[in-house]
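A.B. asks: no sequence for this one, just the structure:
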């Protein structure tokens, strides 16, 4: 664990290991069709049921970036995240992976854990890495993303 120089001044929600979860959301066929139209990603694995039957998944899967977007939305709708908002300055890095597919009809919820907290070069700021995971109804992690956020320490000038 990395510690900011004024660790004692940080609220508990910036402690490494702090976590919270969101409500769930079911991924629908309409979500996939609309995301394909919005993004221009009409990969047959997402939009062609007959083709998708012949793949290792046996059916269409949701776009990974769709599920990442849903994960972000589920996170920001939580009471816990609303408590963080006054301190958020910027998203500065994002790393993600997609260990399992998400199928039409799967319900995912967000599990968010503070993975790291490091003092920034400028006083009054910290870099906090939030590990966000989209977890389906089977308990499988389908998206794992580390969001590095630049955050203002409480009491520091905005």
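C.D. replies: Thanks, I have it. Quantities reported herein were computed from a predicted structural model and do not represent experimental measurements.

A.B. asks: Mind jotting down where the strands sit in the chain?
C.D. replies: Here the chain has its strands, by DSSP state E, at 19-26, 88-97, 107-119, 125-136, 141-152.

A.B. asks: which of these is buried the deepest?
C.D. replies: Across those, averaging neighbours per residue (mean count of other Cβ atoms under 10 Å) puts strand 125-136 on top, at a mean of 22. For the C-beta atoms, the positions are set from N, CA and C on the backbone; glycine is no exception.

A.B. asks: about what we covered before: could you export the strands of the chain as a markdown table, including mean pLDDT and distance to residue 70?
C.D. replies: Output for those, formatted as a markdown table (pLDDT from 0 to 100; distance: least, Cβ to Cβ, whole Å):
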| stretch | mean pLDDT | distance to residue 70 |
| --- | --- | --- |
| strand 19-26 | 97 | 6 |
| strand 88-97 | 97 | 13 |
| strand 107-119 | 96 | 6 |
| strand 125-136 | 96 | 7 |
| strand 141-152 | 97 | 9 |
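
A.B. asks: and of the ones you listed, who's closest to residue 55?
C.D. replies: Residue 55 lies closest, by Cβ to Cβ, to one member of these: strand 141-152, at 16.6 Å.

A.B. asks: how far off strand 88-97 does the closest one point, in degrees?
C.D. replies: Interaxial angle of strand 141-152 relative to strand 88-97 (axes from the mean of the first three to the mean of the last three Cα atoms, to 10 degrees): 150 degrees.

A.B. asks: Centre of the chain to strand 141-152, how far?
C.D. replies: With Cα atoms, centre = their mean, to the nearest Å as the basis, strand 141-152 stands 6 Å off its chain's centre.

A.B. asks: for the strands of the chain, which one sits closest to residue 52?
C.D. replies: So among these, strand 141-152 is nearest, using Cβ to Cβ, at 16.6 Å.

A.B. asks: Report the strands that pair with that closest one, each with its relative direction.
C.D. replies: Sheet pairing of strand 141-152 (DSSP bridges) gives strand 88-97 (antiparallel), strand 125-136 (antiparallel).

A.B. asks: quick check: angle from that strand to strand 107-119?
C.D. replies: 40 degrees.
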